[in-house]
Each structure stands twice: as C-alpha cells, then as structure tokens.
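**Q** coords below, sequence missing:
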C-alpha cells in the first residue's frame, strides 16, 4: 500500500507545526503550506490524498480554495478546520464539500480519524 500524503494548509505556524508532527508520528507523509495560494502553486499538492484546510486564511479562504479545486474537477477529500464557532461558516464549509469539519482546538485522534475516513473514500 502506498503511503498517504496529507496536504495541510494553515497560516498559523504553531498549528501547522503541531499538525505536521502529529501526522508524521502516525506515519503519514505531509506537504505543508502557509496559504491557499502556496498550495495552488505547489507541485506536492498533486500527490496529496487528503487535504486538511483552515477556513480562515490570509488571502484566499479555505472555502474559496475548495471551490476552485472542485471547479477544476478535483475530488481531493477535504477536512476543514476552524477556530471560529460560527454556524454560517460551518454551513458554507459543508456546502463547499468536506469529509469533516473540526473546530480548533481538536484532539489529535479526531483529526487522525477524519483523515483515515477521508483516505478510505
């Protein structure tokens, strides 16, 4: 079985590092990006089997990135993460299409469970 590559787009350096460490400890390969634009410019994104995506990023939002990916025909499974507890944002995320929506702070095992579900699809 080939190793799963989880792309993470998160503009908080501390959160990005924490997620990357967790994923590596669980034997996932990672491709990390500090912005949606960096993800779109990166070649590693094409190898991703799952995307962990912050909703509120500087520049393009996570929801806009998800919409662009869908418009380009991508079926990359997305797990949205957000520090904002807002029902309208949650609803937009669900409409944009996601496997899971996690509110920060979340337990590592919850994120790993969502990733395992996403890559099994």
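**A** Yep, that arrived. This structure is a prediction, so every number in the text was calculated from the model and none was measured.

**Q** How about the secondary structure of the spatially most central residue of the chain?
**A** The residue lying closest to the centre of the chain (C-alpha atoms, centre = their mean) is residue 52, at 1.3 Å. When classified by DSSP: H, G, I helix; E, B strand; the rest coil, residue 52 comes out as strand.

**Q** what pairs with it across the strands?
**A** residue 8, residue 79 (DSSP bridges).

**Q** Report the contact partners of it.
**A** Residues in contact with residue 52 (C-beta atoms under 8 Å, 6 or more residues apart in numbering) are 6-10, 19, 79, 81, 111, 115. Backbone N, C-alpha and C define where each C-beta goes, glycine included.

**Q** What of residue 19?
**A** Taking C-beta under 8 Å, 6+ apart as the contact definition, residue 19 lies against 8, 10, 32, 52, 111.

**Q** now residue 42
**A** For residue 42, the residues meeting the contact criterion (C-beta under 8 Å, 6+ apart) are 31, 33.

**Q** now the contacts of residue 52 in a markdown table, with pLDDT?
**A** Formatted as a markdown table, the contacts of residue 52 follow (pLDDT from 0 to 100):
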| residue | pLDDT |
| --- | --- |
| 6 | 96 |
| 7 | 96 |
| 8 | 97 |
| 9 | 97 |
| 10 | 97 |
| 19 | 97 |
| 79 | 97 |
| 81 | 96 |
| 111 | 97 |
| 115 | 96 |
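
**Q** Nearest to residue 100 among these?
**A** Minimum distance to residue 100 across the contacts of residue 52 is 4.6 Å, recorded for residue 79 (C-beta to C-beta).
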